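Undergrad: let me see the structure of the following:
(chains A and B)
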Amino acid sequence: MPRGNLITSESDIAITVDNAGDEDEVSSCYEEHEWGKNRVKGREKEREKKKRGNARKKGASRAGRGDEELEERAERGEKGRRRRKRDNHDGKGRERDEEEQAEEKSGRAAKNKKNLKNERTRKMEQEERDTEEGDAKRKKKNESAKREEKKEDGGKRAVKEKANAVKTKKHKKKVETSSEQESSEEEDVEEEEEEEKEKELRPESLSPEELEKLKEAVDEKKKLIQTLRGKPWPMKKKLSTLRESQEFLEKYEGALGKGKGRRLYAYKVMMTKKWMKFQRDFENFKTACIPWEMKIKEIESHFGSSVASYFIFLRWMYGINMILFGLTFGLVMVPEALMGRPYGSMPRKTVPRADEASAMDFAVLWDFGGYAQYSVLFYGYYNNQRAIGWLKFRMPLSYFLVGVGTVAYSYMVVIRTMARNANESGGGDDNSFNFSWKMFTSWDYLIGNPETADNKFASITTSFKEAILEEQESRKDDNIHLTRFLRVLANFLVMCCLAGSGYLIYFVVRRSQKFALDGLDNHSWWERNEVNMVMSLLGMFCPMLFDVISTLENYHPRIALQWQLGRIFALFLGNLYTFIIALMDEINLKRKEEEIVKFNMTVWEASLYNGTVPENSTAPPVTIHPADVPRGPCWETMVGQEFVRLIISDTMTTYITLLIGDFLRAVLVRFLNYCWCWDLEAGFPSYSEFDVSGNVLGLIFNQGMIWMGAFYAPCLPALNVLRLHVSMYLQCWAVMCCNVPQERVFKASGSNNFYMAMLLVILFLSTLPAIYTIVTIPPSFDCGPFSGKSRMFDVIQETLESDFPAWFSKVFSYASNPGLVLPFLLLMVLAIYYLQSTSKSFKEANVELKKKLQMQNEENKKKSKRAALKAAMDLEEARKAMTQAAEQQSNNNASPQAQKDGGENRSSSQRLHHGKNGRNATPLLTDQEGQLPATRAPVPRTYHHGNHGAPGYLPGIPRQTEARVHRAPSLQRH
Amino acid sequence: MGTTASQLGKDLLSEYQELTFLTKQEILLAHKRFTELLSKEDKALPNPRIPMQSILTLPELKSNPFRKRICHVFSTSDMKDGSLTFEDFLDLLSAFSDSATLEIKSHYAFRIFDFDDDGTLDVGDLEKLVNCLTGETDDTRLTPDEMRQLINNILEESDIDKDGTVNLSEFQHVISRSPDFVSSFKIVL
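TA: Below you'll find the predicted structure:
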């Protein structure tokens, strides 16, 4: 049945058309809600629908069709057949009917005989009857057409033309066009009559299938509502769509489900609504809760995303430190303060007699000596009692685990963030869209400051120029030897600087040890704080020096920035490690001292027992005040103190440089400018820039020190939280009031993982010494939670032995057997290797696929070109045939046989014309004639398309194939 | 929007929340800013429009080289004058908001860059785009040679079907790989 073929191709077209333009989607949407109305309004609908049909140009989408079908069924179920009227002339309706007819033709005869109790089958039957009649009509019409042709003479011809005119008028009225329609006009009247008859036949009930469909529609609506915000439509359209689909939902959600189920369903619907609302409110609340969001946004809008990225990083750090602080505070400091033995109850918790006088002095406290030293802030204060308080809190164990947990948590967070960042940046071929990214994504829409905008223009221009230069690779390497020499020289100078600063720190630390041995009181403030001050000053001035040196090298600014960052990193790291090495020396000194003290202790104890209670040696020496008991130097507390001092002095330097370097400078430049001989604002001192990279580095190193020292001074995270909190406000203020935007605006997110990588390196490097000290150096004998043990981690062993059942410790000891641990490690390494190689191969496959796609694309294009050419040729032939036929007709009027032939020819050519008219394709065809041999099809306007273009969409291809498919069938038919 | 436009109805507000990527606070702030821009006589109108000129005075848009394009793209005005109603304004903010999807952002970015509104980025569009990005002053402008080179390179990279223009799907393909498009395609009130 040729008609069936036609129909299938037609429906194919409808689907592709759906992809091509948004109009169709819109119309389908309209249809969807129109339906809701229609069900209520009944017959009014037809007119509306017709209007809509006028507005629409092409066939509707499949969704629309499905909807309509469903709509129709539902309506039939409810109100009977009366609706089925003019809208059947709607192209889609027609098509659908005919499809159904095609499907059901085979079973028709049998069905006709059935006793029709079931509503659905009755309906079907009616449809069939419809279509049968339609068929009959069509045949009749064809016959009549032929008859007409046979009886061809002038008068008849005129009549026929009139008929044609009528047809076209009808077409215009409907605009909804399909080639089938040419034969269907006459059915209209008849069908109308039929429907009048059928009106009364429908009782109210929905079959399960229809229910299913309704449910589907409801779900679809819901989905539509959810995805509506992601559609690039104007608000008006979104609003009306939303309202109508909500209306629809309200109306029909309740209708699903019966009896009890209906109630439950309604309840469920209500609850989901409430839940949605709650979620939205919660979302609002959450965004309101993010600290400093508005501040950061303000900065973002002034200085662009790179400066804001520093503050976001700062906030992130703050979050991490909050958690570290929570851990140490909640699990270590508070339990010890509340449940541990109180201050003054034992030697380690008492200020020694010698220091008592000055223990409350501010200078001493500022140095974290005196009472501060003998408090929960430092390692030495903690008791080695296994369980404290009524909770039987395992203090030493908790201390150890919190120390380990801090580090583990930090690793986890940093690595997870890195992974997420890497994910976001997409990975894979990074350089393939170098230029396009520069072009399409380099503008930072957040920039709201004209000055920043000017800088951005300049930087974009330079980046374009650089990229072009790089691409051409025509960089003139003038005197490569000189540049090489200069670069080597620069690196040499930098190395000298690094070595010098390292030596300086080492020297200062050693000197301070000498001072410490002499007693701190004999020395000036400078001598006491030399180490920290020197480190801070070096951290301040060396980067400037590096900056000067780097001008020698004549690097590309981006590379120069990386070198600069690398050097500062090396400097900080070198300083930190020198400091640690010096500290290790000091630890060794202290331990020697401790040996002596220990020896003296036994002597002292012996003398004590001998002197005061010589007879009863078992009685404890209760009479002695803990402050008088001699004690060891407690190197752990010393390390903690050093770190705390370092942090404090670092913080102070940061704040002071901020105030002097930024604020004072800004004030001076601003006000002295009125009475100065050159323009201070534009000239030499000018305003300071906000140095993102330097600040980030400072933050990272600060964090490194926290990680390193947190084990020996539980107060460090708390201090850091305080510091970050203050710097957030201070720096926000400073940036807004006295900085100018950077000239070297570099992308924030691009360097994000760079910072993270540095943080990870620092984390690793700072945990190394801490772990080293924990593992290798025995704890002090008279202070801290691990006193009396040979190693700190013995606490685990102890807990296992005394708090867990025997089998557990046995299992544990087996598990920690090197024979088991080593294979396990090996396995992990293998797993990592495996994962890495798979990811590599995936990447390769990606590249391969991309190539393939490109190839296919080319191929497709060639094919489409060929097809277009062929189509054009076919068309030409058809044309020729037509003209020939016309000639024949006019020439050989006499012979009836020839007449008949000519008539057939004519009719076919007529149909061809109709086909064109029918799909509004006349302009397209003529278009093709003009264009086809030379060019590709005009690309349809694709704006409103956005949402169809799913991620996996192949760029470029769909448009093309669409255009082709859309065109080809209409030609191939003839 | 009532006739006074002094405040939004509750229903409308929740609908706006449903339809945009903005939170309640942001919508209210947007409304405040919008009414500030309205002139006295406009406030009496049922659905007031702000002419493009006064939209461009917003500090968030003032230094943006694409400000006019942005207005034109989001305007639903029949006169094509770039004037915005409050709903257009919300559309704009929603597309530029933090939580908008890459898809919608890239869609609007494409339309902004498509200076002649013909649905593809052709050489003319790209040229205009480069000129926007390099600023108005002559010293930052590219020479014609550089311009040609640049545009050729861009087309080479992103014009996958090699038809001499960049269409929406190619554009989205390119953009979706970019690490910092989403973070920079933002406007915050």
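
Undergrad: can you tell if stretch A:444-463 touches chain B?
TA: Yes. For stretch A:444-463 and chain B, the contact criterion (CB under 8 Å from any CB of the partner chain) is met by A:444-450, A:452-454, A:457-458, A:460-461. Glycine gets a C-beta too; all of them are placed from N, C-alpha and C.

Undergrad: what residues are up against residue A:724?
TA: Going by CB atoms under 8 Å, 6 or more residues apart in numbering or on different chains, residue A:724 touches A:314, A:317, A:318, A:321.

Undergrad: most neighbours of all the residues of stretch A:444-463 next to chain B, which one?
TA: Ranked by neighbour count (other CB atoms under 10 Å in any protein chain shown), these have residue A:447 at the top, with 28 neighbours.

Undergrad: give me the three-state assignment for that residue.
TA: Classification of residue A:447 using DSSP: H, G, I helix; E, B strand; the rest coil returns coil.

Undergrad: what does residue A:351 give?
TA: Put simply, residue A:351 is coil when judged by three-state DSSP.

Undergrad: count of residues packed around the closest residue to it other than its chain neighbours?
TA: In space, and not counting its chain neighbours, residue A:351 is closest to residue A:359: 4.6 Å by CB to CB, 6 or more residues apart in numbering or on different chains. Applying other CB under 10 Å, we find 17 residues neighbouring residue A:359.

Undergrad: now do residue A:240
TA: 14.

Undergrad: now for chain B, the helix or strand with the poorest mean pLDDT.
TA: helix B:40-43 (a mean of 71; mean pLDDT, DSSP states H and E).

Undergrad: elements contacting the next helix or strand after that one?
TA: Moving toward the C-terminus from helix B:40-43, the next helix or strand (DSSP states H and E) is helix B:52-55. In terms of contacts (3 or more CB pairs under 8 Å, 6 or more residues apart in numbering or on different chains; DSSP states H and E), helix B:52-55 is packed against helix B:67-74.

Undergrad: quick one: average pLDDT of the helix it packs on?
TA: The average pLDDT for helix B:67-74 rounds to 86.

Undergrad: what segments of chain B are helices?
TA: In chain B, the helices defined using DSSP state H lie at B:10-19, B:24-37, B:40-43, B:52-55, B:59-62, B:67-74, B:86-95, B:102-113, B:123-134, B:144-158, B:168-177, B:181-184.

Undergrad: now for the most centrally placed residue in chain B: which residues touch it?
TA: Closest to where the C-alpha atoms of chain B average out (CA atoms, centre = their mean) is residue B:70, at 3.3 Å. Residue B:70 makes contact with B:61, B:64, B:92, B:112 under the criterion CB under 8 Å, 6+ apart.

Undergrad: which bits of the stretch 201-350 of chain A sit near chain B?
TA: So the stretch 201-350 of chain A meets chain B at A:225, A:228-232, A:234-236, A:238-239, A:242-243, A:277, A:280, A:283-284, A:287-288, A:297, A:300-301, A:305 (CB under 8 Å from any CB).

Undergrad: where does pLDDT dip in chain B?
TA: Scanning chain B for pLDDT under 70 picks out the ranges B:1-7, B:42, B:138-140, B:179.

Undergrad: domain ranges for chain B, per the record?
TA: Listed domain ranges for chain B are B:10-96, B:103-185 (source: the TED database).

Undergrad: just how off-centre is the first one within its chain?
TA: In other words, domain B:10-96. On the basis of CA atoms, centre = their mean, to the nearest Å, domain B:10-96 sits 11 Å off its chain's mean C-alpha point.

Undergrad: and it, end to end?
TA: Using CA to CA, to the nearest Å, one end of domain B:10-96 lies 24 Å from the other.

Undergrad: next one: the shortest one
TA: Here the two ends of domain B:103-185 are set 12 Å apart, with distance taken as CA to CA.

Undergrad: and the pLDDT at residue A:636?
TA: Residue A:636 is assigned a predicted lDDT (pLDDT) of 90.

Undergrad: between the contacts of residue B:70, which is nearest chain A?
TA: residue B:64 (6.3 Å; CB to the nearest CB).

Undergrad: the stretch 701-850 of chain A: helices as residue ranges?
TA: Ranges of helices in the stretch 701-850 of chain A, per DSSP state H, counting those that start in this stretch, are A:716-738, A:748-776, A:794-803, A:806-815, A:818-891.
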